[in-house]
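S.K.: need a 3D model of the following:
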Amino acid sequence: MSTVTPPLPYRVVTTCAETADTRSVELVPAGREVPPFAPGQFAMIYAFGVGEVPVSVSALRGPHGGLVHTVRAVGAVSTALCRLRAGDVVGLSGPFGTGWDLNAARGWDVLVVAGGIGLAPLRPVVHSVLQRPGAFGRLAILVGARTPDDLIYRAETGTWRGAARVEVTVDQPGPGWHGSVGVVTGLLDRLDLQPRRTCALVCGPEAMIRHTARALTGRGLAPDRIQVSLERNMRCATGHCGHCQLGPLLLCRDGPVIGYDSAEPLLAVREL
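M.R.: Take a look at the predicted model:
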């Protein structure tokens, strides 16, 4: 957890529409800088006069060297963040939470499984693995979304295909869609999965995480070789409000990234 708790001013340098309700925003410090982020960690971003929300970092270094956050407009604060333009200023504090344990994946094949905007917290993992090809085995990226219009980073995903196995599926195909249709777990059958040398990283809606993790363990992956990001209901980032509690865990403090060996017994309890 960051030792810098007051939000520091950060200036918007670029914004990019990912979907109709989702934007990526690149932020650079307007003065003092927060400590470095690790893939999987999140920031608290404050929209002046509106409020603050937790947002995972979606790139550690954007085109202008800043932090990139991908935000979906689902409430007052996230809508305000999606309306930001170059030159606007926000407050940013962090980094908070646990990140993806890439050290545990060194020398192993890496399987990234993302549902919807869950690709955003996993994007820095892809960047890190691609930047260090000798440190890891094969990289496979499975992406699922409700419709083709809900897919984020579509242009960038295409550039990953030269160095990674990339498979994309949607629940509801639209006009002109010629790709796969169905849930993301259906893409696992296309992989030459070597469970004894694979580390899987999974992020998306909670139901998708449960089904994906169960499908992976059913194919022989040990639960402690599966990392999941559970970002549900995070609000305060410091473990005080209790909104993100999952059994004994406060996910903003103990997560959001945890091993599936820890998450499995908790996710199996209805309404926990």
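S.K.: tell me the confidence at residue 260?
M.R.: On pLDDT, residue 260 comes in at 94.
S.K.: now it, nearest residue through space, not along the chain?
M.R.: Closest residue to residue 260 apart from its sequence neighbours, by C-beta to C-beta, 6 or more residues apart in numbering: residue 226 at 3.9 Å. Yep, even glycine has a C-beta here, placed from its N, CA and C like the rest.
S.K.: quick one, phi psi at the one you found?
M.R.: phi -120, psi 120 (degrees, to the nearest 10).
S.K.: from residue 14, how far out is it?
M.R.: Distance of residue 226 to residue 14, computed by C-beta to C-beta, to the nearest Å: 34 Å.
S.K.: between the two, which is the more surrounded one?
M.R.: Using other C-beta atoms under 10 Å, the more surrounded residue of residue 226 and residue 14 is residue 226, with 25 against 16.
S.K.: contacting residues for that one?
M.R.: By C-beta atoms under 8 Å, 6 or more residues apart in numbering, the contact set of residue 226 is 199, 200, 201, 202, 213, 216, 217, 259, 260, 261.
S.K.: tally of neighbours for the fifth one?
M.R.: Going back to what we said before, that points to residue 213. Residue 213: 23 neighbours (other C-beta under 10 Å).
S.K.: could you do the fourth one as well?
M.R.: Residue 202 sits with 28 neighbouring residues when counted by other C-beta under 10 Å.
S.K.: now do the contacts for it.
M.R.: 113, 114, 118, 209, 212, 213, 216, 226, 227, 228, 229, 260 are the contacts of residue 202 under C-beta under 8 Å, 6+ apart.
S.K.: now, the residues you listed that are in strands?
M.R.: Counting by DSSP state E, the contacts of residue 202 place 113, 114, 226, 227, 228, 229 in strands.
S.K.: show me what the fourth one bridges to in the sheet.
M.R.: This means residue 227. Here residue 227 sits in beta bridges with residue 201, residue 259, going by DSSP bridges.
S.K.: my read is that residue 139 contacts residue 126, right?
M.R.: Yes. Distance between residue 139 and residue 126: 7.4 Å, which falls inside the contact criterion (C-beta atoms under 8 Å).
S.K.: spit out the residues that contact these two alike.
M.R.: Listed as contacting both residue 139 and residue 126 by C-beta under 8 Å, 6+ apart are 112, 164.
S.K.: looking at the protein, which helix or strand is least sure?
M.R.: strand 249-250 (a mean of 77; mean pLDDT, DSSP states H and E).
S.K.: avg pLDDT for the very next helix or strand once past it?
M.R.: Next in sequence after strand 249-250, counting helices and strands by DSSP states H and E, comes helix 251-254. When pLDDT is averaged over helix 251-254, the result is 83.
S.K.: what's the answer for stretch 207-221, then?
M.R.: On average, the pLDDT along stretch 207-221 is 96.
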